[in-house]
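[1] Sharing a model prediction with you, sequence too.
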Amino acid sequence: MKRMLLSCLLLAGCTVGPDYKKPDMPVPASFSAPSQVSAPLSMPVSESVDLSRWWQQFHDAELESLVTRALAQNPDQLTAESRVREAREQEIVAGAKGLPQVNAIGNTVHFHSNSSPLQALTGGQRGGSGGGAAASSGTDLKIYSAGFDATWEIDIFGQVRRSVEAAAAGTEAARWQMRDGEVTLTAEIAADYVSLRSDQARLVILDAEIKSQQEALKLIAARAKAGFVTELDVNQQRQLLASTEAERPPLLGDMLAMRHAIAVLMGEQPGALDTELDATAPVPPVPPRLPVGLPSDLLRARPDIRMAERRLAQATAEIGVAVADLYPKFDLLGAVTLTSSHFSSLFSGNSLGEIGAGSITWPIFHGGQIHANIRAKEEEEKQAYYAYQKAVLGGIQNAEDALVRYETEQQRFVALEEGEKTARASTALALQQYRAGLVMYTSVLQAQTTQLSAEDNLAQSRAGLTADLVSLYKALGGGWKDEGDKAAPHEADALFEQ
């Protein structure tokens, strides 16, 4: 027995199956999106920066408050945190299989028969004069036992160690999935907030235009009453005013929808933030410089990429678990018992008994099940690698696309800004010429319509710049930060330092 135990311990350092190595995934040296704006509002630069709290760069206290509360209250995030805790418990479950299992045991048996023990076994009476007395005496038998037993499956070929390795990688994957949820949540909160502020800005422009058109209607009505213009001019101005006022309800409805969306993301009832977000505030402006880093930074910054890498590590370890089924399993059994027919003498030295045993189980024929399982696990590893490759390529594409949209929107904004200035000047000129009787009122109406459209487009582009910047921050993997109360550092982080 001692020799067997010693041999098992000497072999315990053997671990079958492939050792995991982080794949070398090539990435571009820099982002390819060129700057197409001669004087951009916000210049992207290839510098790395901490984007864990990117929304603070907007210097908007309300946005910061909303994001902070959402990270603490969002149901999806609370669920993700629970999954991380569950995965950590599964690590303990996997590791426990490699430890001795010890149980306390206790039994009591009471046997009674109306016949003697021999009669109970033979089913009849013995011959002779004493048979009747023996039959009437009966049998009472009591047995008491207590003790401990222990079993230990020695992890000679590393099946348990590979299981623990897989469980640890699964925990890391769950942790990065939680971080990916933080990135998505912060981006959704910011996008809805920007949309709300955009609607408010457009409503301010619309209300100002409605007021201007109402004043113009009064002026035209007075001129028509004096006989300077016909009633046609009045009707045209009234129709323009009605058309402008009709644009107000959809904006109000969209503002309410954005409030509701933000509230639900924060784990609140849809109308919980109506009062808080009712006051009009400007769209958060874009910062003058935007550090975007390098494509290689995405491998560390984007949680979805790191989650995919951990899934690959988990799949690799599970191959080792499957390979270990090809090798023998060694089990040790030991028990210490106290057995007596009288409870009073159960704990005496004469009641002590010991059992020690060892067993080996080696699979010979299982219909190809073990080899098929190994091949299946190898295919799962390939699938995990392809998923990791897709995550890297998708991350780079997301960043490139976000940069292109951000820079082209800046180009559009510059053009719209110039167009808005021209439209405003054209309206003033048309009014001046109309008062002088040089043009028909239709020229004023056209100028007013063009100005309103130009102002609205400019307001939407300004909000679009901020929204595109939010998308870019998300694509760069910003919005998460390791905190000790949520997830402790794991050996997976060391892999990215190599």
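    Thanks, I have the structure now. Numbering: from 1, shown residues only.
[2] secondary structure class for the closest residue to S52 other than its chain neighbours?
    Distances taken as Cβ to Cβ, 6 or more residues apart in numbering place K481 nearest to S52, at 3.8 Å, with adjacent residues excluded. C-beta: built from backbone N, CA, C; applies to glycine. With DSSP: H, G, I helix; E, B strand; the rest coil as the basis, K481 sits in coil.
[3] tell me the phi and psi of K481?
    phi -150, psi 130 (degrees, to the nearest 10).
[4] Next: T339.
    Torsion angles, degrees, to the nearest 10, at T339: phi -130, psi 130.
[5] just A257 next, same as before
    phi -60, psi -40.
[6] likewise T230?
    phi -90, psi 170.
[7] Pretty sure it sits against A224.
    Yes: between T230 and A224 there is a contact at 6.7 Å, judged by Cβ atoms under 8 Å.
[8] Mind checking which of those two has more residues around it?
    A224 (17 against 12; other Cβ atoms under 10 Å).
[9] ok so, going back, how much space between the residue nearest to S52 and T427?
    Distance of K481 to T427, computed by Cβ to Cβ, to the nearest Å: 50 Å.
[10] cool, Q101 as well?
    86 Å.
[11] Neighbour count: these two, which is higher?
    Taking other Cβ under 10 Å, Q101 and T427 do not tie; T427 has more neighbours (21 against 11).
[12] Tell me which helix or strand the more buried one sits in.
    Per DSSP states H and E, T427 falls inside helix 369-435.
[13] average pLDDT across whatever helix or strand comes next after that helix?
    For helix 369-435, the following helix or strand on the C-terminal side (DSSP H and E) is helix 441-475. Here helix 441-475 scores 93 as its mean pLDDT.
[14] same thing with stretch 110-119?
    Stretch 110-119 comes out at a mean pLDDT of 68.
[15] distance between the ends of stretch 20-28?
    Its first and final residues considered, stretch 20-28 spans 25 Å by Cα to Cα, to the nearest Å.
[16] Which stretches in the protein count as helices?
    For the chain, applying DSSP state H gives helices covering 2-11, 61-73, 75-96, 117-122, 131-137, 159-226, 231-245, 248-265, 298-301, 303-323, 369-435, 441-475, 491-497.
[17] Can you tell me which of these is most buried?
    Sort the helices of the chain by mean neighbour count, taking mean count of other Cβ atoms under 10 Å, and helix 303-323 sits at the top with a mean of 24.
[18] Just list what that helix packs against, helices and strands only.
    helix 159-226, helix 298-301, helix 369-435, helix 491-497 (3 or more Cβ pairs under 8 Å, 6 or more residues apart in numbering; DSSP states H and E).
[19] next one: the shortest one to chain centre, how far?
    It refers to helix 298-301. Here the centre of helix 298-301 is set off from its chain's centre by 16 Å, with Cα atoms, centre = their mean, to the nearest Å.
[20] contacting residues around it?
    By Cβ atoms under 8 Å, 6 or more residues apart in numbering, the residues outside helix 298-301 that reach it are 25, 27, 51, 293, 305-306, 392, 395-396, 399, 476-478, 496.
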